[in-house]
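Visitor: the sequence and its predicted three-dimensional model are supplied below.
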Amino acid sequence: MRMGIIRDVLIESLSGEHINVLDRLGGPKYDEDVAAELKLKATIVRTLLNDLHENSLVEYERTKDKRTGWYTYLWVRRDGKIREYVQNYLKTQLLELNSQLDDETKHVTFKCDCMRVPYGAAMEASFLCPSCGKEFVECDNSQYIDEIVSEVARLNSLLAQI
Ligand SMILES: [Zn+2]
């Protein structure tokens, strides 16, 4: 497992702030303590923790303070889930890109000064853009195809390395 690549993909899929929170959770910690360490508001840290929890990257233990009646949450990182999350993220991105690639190779698109639309939409507008008023002309998709192909190669190479 290559930690550098895993971190890069985590940052790409979530954000640097999420990773800063994950970094603090090698052992169980209260959200207020993480907030203090990162000099962030506790509400912000809780939002970040909830995002991480939705993706199964952290878990918590909830206890009720008998005196105040409030709940406190003790959070910890789920190290065993991180690689799986990164793999799933890359696989989902690849699926989406491959379907885009399929679209770009099979379908003709049209372009004006402000947007690119499928053939059907251009035809419906009688090949005149309702926004900029320019004519829709057939677009060369090869530039988009090249971009998708190189992104697919990049993600496949990341996937192979983790
Ligand atoms: Zn336009």
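Guide: Happy to help now that I have it. Numbers count the residues shown, from 1 in each chain.
Visitor: show me what the longest helix seen in the chain is packed up against.
Guide: The residue-count maximum for a helix in the chain (DSSP state H) belongs to helix 79-106. Using 3 or more CB pairs under 8 Å, 6 or more residues apart in numbering; DSSP states H and E, the elements in contact with helix 79-106 are helix 3-13, helix 142-161. All C-beta atoms are positioned from the backbone trio N, CA, C, and that covers glycine.
Visitor: what's the most buried one of the ones you listed?
Guide: helix 3-13 (a mean of 15; mean count of other CB atoms under 10 Å).
Visitor: how far is that one from where the chain is centred?
Guide: In terms of CA atoms, centre = their mean, to the nearest Å, the centre of helix 3-13 is found 11 Å from the chain centre.
Visitor: I'd say Phe136 and Cys112 touch.
Guide: Yes - between Phe136 and Cys112 there is a contact under CB atoms under 8 Å: 5.3 Å.
Visitor: list the contacts for Leu158?
Guide: By CB atoms under 8 Å, 6 or more residues apart in numbering, Leu158 lies in contact with 5, 8-9, 90.
Visitor: tell me the one of those residues nearest Tyr73?
Guide: Taking CB to CB as the measure, Tyr73 lies nearest Val9 of these, at 26.7 Å.
Visitor: could you check the pLDDT of the residue lying closest to the closest one once chain neighbours are set aside?
Guide: In space, and not counting its chain neighbours, Val9 is closest to Val86: 4.8 Å by CB to CB, 6 or more residues apart in numbering. Note on Val86: pLDDT of 96.
Visitor: give me the common contacts of Phe136 and Cys112.
Guide: With CB under 8 Å, 6+ apart as the test, Phe136 and Cys112 both reach Cys129.
Visitor: what's the distance between the residue of the chain positioned farthest from its centre and the ion?
Guide: Ranked by distance from the centre of the chain (CA atoms, centre = their mean), the top residue is Arg67, with 40.8 Å. According to CB to the ion, to the nearest Å, Arg67 and the ion sit 64 Å apart.
Visitor: over to that residue: give its phi and psi.
Guide: The phi and psi values for Arg67, taken as degrees, to the nearest 10, are phi -80, psi -50.
Visitor: kindly provide the distance from it to Tyr73.
Guide: Separation of Arg67 from Tyr73 (CB to CB, to the nearest Å): 17 Å.
Visitor: what does Lys64 give?
Guide: Applying CB to CB to Lys64 and Tyr73 gives a distance of 11 Å.
Visitor: noted, bye for now.
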